[in-house]
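Novice: Generate a structure from the sequence data that follows.
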Amino acid sequence: LQAVAMETDEQARNRFQLELEFVQCLANPNYLNFLAQRGILRDRSFINYLKYLLYWKEPEYAKFLKYPHCLHMLELLQYEHFRKELVNAQCAKFIDEQQLLHWQHYSRKRMRLQQALAEQTQAQPQTAPPHGNAAAK
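Specialist: Numbering: from 1, shown residues only. Next up is the predicted model:
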């Protein structure tokens with residue numbers, strides 16, 4: 001039998017922080033290009049590590065992410081074809097541009113929705129809530 005060392009609370013916190021930071025780095029297509037050009041995305045143990053990191057998609061972990069699109073990249077990294085394409089700098093540039101366009105569209109759409117909600121709130125008449133049982137009579 002092999003003895004399994006138990007992870008201390010501090011070690012678990014450190015691993016959580018390290019994996020959180022690494023998963024979020026996956027949102028950066030230039031970093032993915034860097035990994036691909038160095039052959040890291042072909043390494044079987046690294047590919048297994050990427051598969052292990054899929055637990056970040058669970059809501060109890062995903063809530064800690066500042067860059068949730070890293071989860072989409074993590075999902076795409078499960079596919080060999082995607083990992084191979086990342087060697088090409090033009091691929092990384094395209095992904096980077098698409099992320100920027102998505103962010104700009106999302107920001108504009110969100111701003112329009114917030115403006116519409118503010119206008120709707122201002123347009124509603126301000127009535128006082130009924131007192132006592134007057135509404136029931």
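Novice: Report the helix or strand with the lowest average pLDDT across the protein.
Specialist: helix 89-123 (a mean of 76; mean pLDDT, DSSP states H and E).
Novice: quick one: buried residues of it?
Specialist: For helix 89-123, a neighbour-count test (16 or more other C-beta atoms under 10 Å) marks 91, 92, 95, 99 as buried. Backbone N, C-alpha and C define where each C-beta goes, glycine included.
Novice: what's the answer for stretch 32-48, then?
Specialist: Across stretch 32-48, burial judged by 16+ other C-beta under 10 Å covers 32, 33, 34, 35, 36, 41, 47.
Novice: Helix, strand or coil: sort out residue 6 for me.
Specialist: coil (DSSP: H, G, I helix; E, B strand; the rest coil).
Novice: could you check the distance from it over to residue 12?
Specialist: Counting by C-beta to C-beta, to the nearest Å, the gap between residue 6 and residue 12 amounts to 10 Å.
Novice: which one of these two has more residues nearby?
Specialist: residue 12 (11 against 7; other C-beta atoms under 10 Å).
Novice: Dump the stretch of helix or strand that one belongs to to PDB, restricted to CA.
Specialist: Using DSSP states H and E, residue 12 sits in helix 9-25. The C-alpha trace of helix 9-25 is given here as PDB (Å, rounded to 0.1, in the frame of the first residue of the first chain):
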ATOM      1  CA  ASP A   9      -5.400  23.500   5.100                       C
ATOM      2  CA  GLU A  10      -2.600  25.900   4.100                       C
ATOM      3  CA  GLN A  11      -1.500  23.600   1.300                       C
ATOM      4  CA  ALA A  12      -5.200  23.400   0.100                       C
ATOM      5  CA  ARG A  13      -5.500  27.200   0.200                       C
ATOM      6  CA  ASN A  14      -2.200  27.600  -1.800                       C
ATOM      7  CA  ARG A  15      -3.300  25.000  -4.400                       C
ATOM      8  CA  PHE A  16      -6.700  26.700  -4.700                       C
ATOM      9  CA  GLN A  17      -5.000  30.100  -5.300                       C
ATOM     10  CA  LEU A  18      -2.500  28.700  -7.700                       C
ATOM     11  CA  GLU A  19      -5.100  26.900  -9.800                       C
ATOM     12  CA  LEU A  20      -7.500  29.900  -9.700                       C
ATOM     13  CA  GLU A  21      -4.700  32.100 -11.100                       C
ATOM     14  CA  PHE A  22      -3.700  29.600 -13.700                       C
ATOM     15  CA  VAL A  23      -7.200  28.900 -14.900                       C
ATOM     16  CA  GLN A  24      -7.800  32.600 -15.400                       C
ATOM     17  CA  CYS A  25      -4.500  32.900 -17.400                       C
END
